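1. need a 3D model of the following:
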Amino acid sequence: MPKTTKDHLEDIFDDLGEEGLKKFKNKLCDRKVEPRIRRAAIEKAKDSMDLAGLMVSTFTTTGMVPVTVEILEAIGFNEQATELKEKTGQGLPVASSPVAPSPVDVVDSGAGQSPKFDSVLSDDWHKHLCVTPCTQSFKNNIISQSGSEVYQVKDKSIRKRLALLINNIDFENKDMTRRGADRDEENMEWLLKELDYQVVKHRNLSAKDMEEAVKGFARRQEHANSDSTFVVIMSHGKRDAILGVQYTSDNPSDTFLVDKIYRYLNSENCPGLRDKPKVILIQACRGGETGRVWASDGEPDELMEIEGDDFVHKEKDFISLMSCTPDTKSYRHVQNGTFYVQNVVDVLMKYAHKDHIEELFRKVICRFENAEKMGSYRQMACKDRASMPKLFYLFPGL
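-> Numbering: from 1, shown residues only. Presented below is the predicted three-dimensional model:
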């Protein structure tokens, strides 16, 4: 039986010896071009077979040889690099496209073994690197036909839109490293900027730090000159909470309650965003534990006096899209990021010029209804805690 490409990699790694293999793994850790492999995963590769398997799962059968050749030449094993190119007929440089699709492992947003997945969820969204702009005539028609039912969008020359982006990738428990999450961050930041939001970005926060970040974001003075905001948080999660990077079995209290996002951005604590759309996007698992009804509203102990114009709804103008329904997992492609972010970016990029936010979210949910591209994996995004009395159009470009 002829040898596979993976077999040839194993032979080359065997030839390197213990010291050469150590140099190879160190150089692989230092590699900056995407896709990258986390140090924890590389350290788990104990022999040539493990390392070859890791190269296949990350770079695929077409990409692993160029990367291997690149590293072999960098550490001075030119003879082995030449031999590998001759035996496989490969050796071209690996494309460094920020979102190049390939069949690699898929993992859920929690720690654990990686099931196999045969294709990227969306095979062409990354090729269209622009948000479709809205036309002035479309905006004028919407305003004239449904002006009282549409949230006001301020003129681009005077508004100051802010968006909060929190992405937890590296956890104290190395097994919880969210491979591919850096791609989600790149894509989501790009989308928000295309929609004219200045992105306030944080990475690898504890629960306490997440709370401070949301609280500080709510206090930003720019909201007074804004017409809306986005809050995006990506991490591991439970049914009603997001895990901080210090979360471990010995420190299970490092969790940030989703409810606090609404509390800090409500009319009382964030007056700058009163009566303005607040879009919450959360990518995290919600399975594995039971508890109280997620994000439920409690009844007040006593009736409050209402005095005419002084009254405002404490929580209003919110809409959130969760990556999955309660008690279920959210899947993540180790190279291209989560299915959730891929679909959110794709839908908003293509349809935000003509659809309001609820319709955009419906389109995202429809993507998950079509399970064909997700193989055997089942995940359903869902809207939650919506309190928007009007239609929110982003009118990109205007």
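2. C-alpha from now on. contacts and neighbour counts both.
-> OK.
3. show me what Leu321 bridges to in the sheet.
-> Leu321 forms beta bridges with Leu281, Lys383, as assigned by DSSP bridges.
4. that one and Cys382 touch, don't they?
-> Yes: at 5.7 Å, Leu321 counts as touching Cys382 under the criterion of CA atoms under 8 Å.
5. so these two - more neighbours on which side?
-> Leu321 (25 against 17; other CA atoms under 10 Å).
6. can you give me the distance of the more buried one to Asp155?
-> Going from Leu321 to Asp155 by CA to CA, to the nearest Å gives 26 Å.
7. hmm, who's touching the helix or strand containing Ile166?
-> In the assignment (DSSP states H and E), Ile166 maps to strand 162-167. Residues from elsewhere that reach strand 162-167, judged by CA atoms under 8 Å, 6 or more residues apart in numbering: 181, 185, 189, 192, 197-205, 210, 214, 217, 222-223, 226, 228-235.
8. those, buried ones only, as a ChimeraX selection?
-> For the buried members of the contacts of strand 162-167, the matching ChimeraX selection, counting by 16 or more other CA atoms under 10 Å, is:
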select :181,185,189,192,197,198,199,203,204,205,210,214,217,223,226,228,229,230,231,232,233,234,235
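9. read off the pLDDT value for Asp310.
-> Looking at Asp310, its pLDDT stands at 46.
10. check Ala95 too.
-> 30.
11. my read: Ala207 touches Leu243, true?
-> Yes: assessed by CA under 8 Å, Ala207 is found in contact with Leu243 at 6.7 Å.
12. now do the shared contacts for those two.
-> Asp254, Thr255, Phe256.
13. do you know the pLDDT at the second one?
-> Looking back up the chat, that one is Thr255. Per the predicted model, pLDDT is 96 at Thr255.
14. for it, what are phi and psi?
-> Note on Thr255: backbone dihedrals following degrees, to the nearest 10 are phi -130, psi 140.
15. give me the number of residues near it?
-> Thr255: 23 neighbours (other CA under 10 Å).
16. distance of the closest residue to it other than its chain neighbours from Ile169?
-> With CA to CA, 6 or more residues apart in numbering as the criterion, Thr255 has its nearest non-adjacent residue at 4.5 Å, and that residue is Leu243. Using CA to CA, one obtains 11 Å as the distance from Leu243 to Ile169.
17. the more surrounded of the two?
-> Shown here are Leu243 and Ile169; by other CA under 10 Å, Leu243 has more neighbours (26 against 22).
18. report the contact partners of that one.
-> Ser206, Ala207, Ser235, His236, Gly237, Asp254, Thr255, Phe256.
19. what about 10 Å?
-> By CA atoms under 10 Å, 6 or more residues apart in numbering, the residues touching Leu243 are 168, 171, 205-207, 210, 234-237, 252-257, 284-285.
20. need phi/psi at it.
-> According to degrees, to the nearest 10, Leu243 has phi -80, psi 140.
21. so where is the chain shaky, pLDDT-wise?
-> By pLDDT under 70, the low-scoring segments of the chain are 1-2, 61-62, 89-129, 287-312, 333-335, 370-378.
22. helices of this structure, start to end?
-> 5-30, 39-44, 48-74, 78-88, 136-146, 181-194, 207-218, 259-265, 339-351, 357-369 (DSSP state H).
23. list residues touching both of Leu243 and Ile169?
-> Joint contacts of Leu243 and Ile169 (CA under 10 Å, 6+ apart) are Leu205, Met234, Ser235, His236.
24. quick one on the thing from earlier: each with direction, which strands does the strand holding Ile166 pair with?
-> strand 198-203 (parallel), strand 229-234 (parallel).
25. for the most centrally placed residue in the chain, which non-adjacent residue is spatially closest?
-> Nearest to the geometric centre of the chain sits Asp184, at 3.6 Å (CA atoms, centre = their mean). Nearest residue to Asp184, sequence neighbours excluded (CA to CA, 6+ apart): Gly337, at 5.2 Å.
26. now do the one you found against Glu189, distance only.
-> On the measure of CA to CA, Gly337 and Glu189 end up 13 Å apart.
27. ok so, going back, save the helices of the chain as JSON lines, and put in distance to Leu164 too.
-> Output for the helices of the chain, formatted as JSON lines (distance: least, CA to CA, whole Å):
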{"stretch": "helix 5-30", "distance to Leu164": "29"}
{"stretch": "helix 39-44", "distance to Leu164": "28"}
{"stretch": "helix 48-74", "distance to Leu164": "30"}
{"stretch": "helix 78-88", "distance to Leu164": "45"}
{"stretch": "helix 136-146", "distance to Leu164": "26"}
{"stretch": "helix 181-194", "distance to Leu164": "10"}
{"stretch": "helix 207-218", "distance to Leu164": "7"}
{"stretch": "helix 259-265", "distance to Leu164": "11"}
{"stretch": "helix 339-351", "distance to Leu164": "15"}
{"stretch": "helix 357-369", "distance to Leu164": "18"}
